[in-house]
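K.L.:
My questions concern the predicted model and sequence given below.
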Amino acid sequence: MKYSANHPYNRYSDYLKTVFGKPMQKVSIDAGFSCPNIDGTKSRGGCIYCNNSSFNPNYKFERENIAAQIEQGISKFTNRKPGTGFIAYFQSHTNTHAPVNELSAIFRRAIAHPAVEGLIIATRPDCLGEPVLDLLSELNKELFVGIEIGIESTLNDTLKLLNRGHKWEDTLDAVDRVKRRGLHLGGHLILGLPGETREDIDQHALKISKLPLDTVKLHQLQIVKNTGLEKIYKQKTYQIRLFPVEEYIDICINFTEKMNPEVVIERFASESKPDLLAVKMWSGVKNHQIADWISNEMKRRDTWQSRLFEG
């Protein structure tokens with residue numbers, strides 16, 4: 001274990017403290033981007049788990065108010081430790097899906113804020129062309145720059161069903177090109193996707209552990225209102241299991257046991273607003289509670305990250 005000596009897995013907060021020398025918080029920014037499978041570049045309709053009404057069409061307003069978003073985001077961390085630093089996190093939608101000159105202006109607007117000490121950009125594996133990586137490599141000379149790729153699944157049949165518009169091979173290609181630039185790299189997966197079994201999830205862990213990722217973020221499947229996934233769930237077209245919290249904890253432990261000991265696990269779960277969910281889950285359970293329960297159960301089982309790693 002590299003970053004979290006007192007915990008059975010590598011925690012993201014400990015990792016950031018190692019990198020920056022102090023506690024850090026990510027401040028989410030919405031720059032009004034779209035996605036290539038929303039705007040017709042690749043497809044229409046978007047991913048089946050995404051409510052497209054959440055895509056803000058008023059992109060000009062969003063981009064002109066990045067500094068205000070940062071200020072608002074910082075103000076929410078009322079209980080932060082003294083000396084906490086902040087990372088500008090472009091989280092919503094595909095944040096490299098724009099001309100490079102626009103991207104440069106947007107990202108520089110964020111890092112111009114005096115409180116911002118790092119930049120993390122969420123995107124897709126098929127939206128990381130060489131000009132974009134050139135830009136991010138230049139910014140990386142000025143401050144910490146990370147890329148978070150939406151992998152979601154390692155199975156092409158699942159990616160096709162999700163209407164992702166990319167394949168697992170695109171992820172492999174993007175990971176290779178990003179790491180050759182020396183950029184921090186994270187990956188995001190959804191556990192419990194339609195048709196996928198627990199054995200498939202175990203295989204995700206084994207495949208992901210072979211990639212040179214710095215961090216991994218996990219997300220339980222949720223059924224959001226007014227999505228293609230809601231229709232599939234109601235019609236029972238595919239096997240979909242929404243895991244009870246106890247089973248999901250067991251799944252995350254199995255996943256963690258197979259993970260490379262160098263990888264940092266940023267998150268095990270995510271909270272959607274209850275009024276957005278077509279199917280209610282885990283009422284009142286917070287992300288940090290899931291992480292604490294996983295950590296405590298791993299200690300009880302006397303297990304740890306990488307115990308079953310096939311390096």
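P.N.:
Yes, it's here. The shown structure was predicted, so the numbers you read here are calculated from the model rather than taken from an experiment. Residues are numbered from 1 along each chain as shown.
K.L.:
Strands of this protein, start to end?
P.N.:
For the chain, strands defined by DSSP state E occupy the ranges 24-29, 85-90, 116-123, 144-152, 184-191, 215-220, 264-267.
K.L.:
Report the rounded mean pLDDT for the shortest one.
P.N.:
Just to be clear, that refers to strand 264-267. On average, the pLDDT along strand 264-267 is 96.
K.L.:
export the strands of the chain to CSV and tack on distance to Phe243 and mean neighbour count?
P.N.:
(Glycine included, C-beta is placed from N, CA and C.) CSV is the format used below for these (distance: least, C-beta to C-beta, whole Å; neighbours: other C-beta atoms under 10 Å):
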stretch, distance to Phe243, mean neighbour count
strand 24-29, 26, 20
strand 85-90, 27, 22
strand 116-123, 24, 22
strand 144-152, 17, 23
strand 184-191, 8, 21
strand 215-220, 7, 22
strand 264-267, 16, 22
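K.L.:
Take the ones you listed and lay them out in JSON lines including distance to Thr41.
P.N.:
Formatted as JSON lines, those follow (distance: least, C-beta to C-beta, whole Å):
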{"stretch": "strand 24-29", "distance to Thr41": "22"}
{"stretch": "strand 85-90", "distance to Thr41": "19"}
{"stretch": "strand 116-123", "distance to Thr41": "13"}
{"stretch": "strand 144-152", "distance to Thr41": "16"}
{"stretch": "strand 184-191", "distance to Thr41": "21"}
{"stretch": "strand 215-220", "distance to Thr41": "24"}
{"stretch": "strand 264-267", "distance to Thr41": "28"}
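K.L.:
and Thr171, which of the ones you listed is closest to it?
P.N.:
strand 144-152 (5.2 Å; C-beta to C-beta).
K.L.:
how far does that closest one sit from the chain's center?
P.N.:
Distance of strand 144-152 from the chain centroid (C-alpha atoms, centre = their mean, to the nearest Å) equals 7 Å.
K.L.:
Same check on stretch 17-31?
P.N.:
For stretch 17-31, the distance to the chain centre is 14 Å (C-alpha atoms, centre = their mean).
K.L.:
measure Val132 to Leu185 for me?
P.N.:
14 Å (C-beta to C-beta, to the nearest Å).
K.L.:
Also Thr303?
P.N.:
Taken as C-beta to C-beta, the span from Thr303 to Leu185 is 26 Å.
K.L.:
go on, Pro274?
P.N.:
Distance from Pro274 to Leu185, by C-beta to C-beta: 33 Å.
K.L.:
and if you look at Leu159?
P.N.:
From Leu159 to Leu185 the distance is 19 Å (C-beta to C-beta).
K.L.:
Would you mind pulling the contact partners of stretch 280-297?
P.N.:
By C-beta atoms under 8 Å, 6 or more residues apart in numbering, the residues outside stretch 280-297 that reach it are 7-9, 11, 220, 222, 242, 245, 248-249, 252-253, 256, 267-271, 274.
K.L.:
at 6 Å what do you get?
P.N.:
Identification of contacts with stretch 280-297 by C-beta atoms under 6 Å, 6 or more residues apart in numbering yields 7, 245, 249, 252, 268-269.
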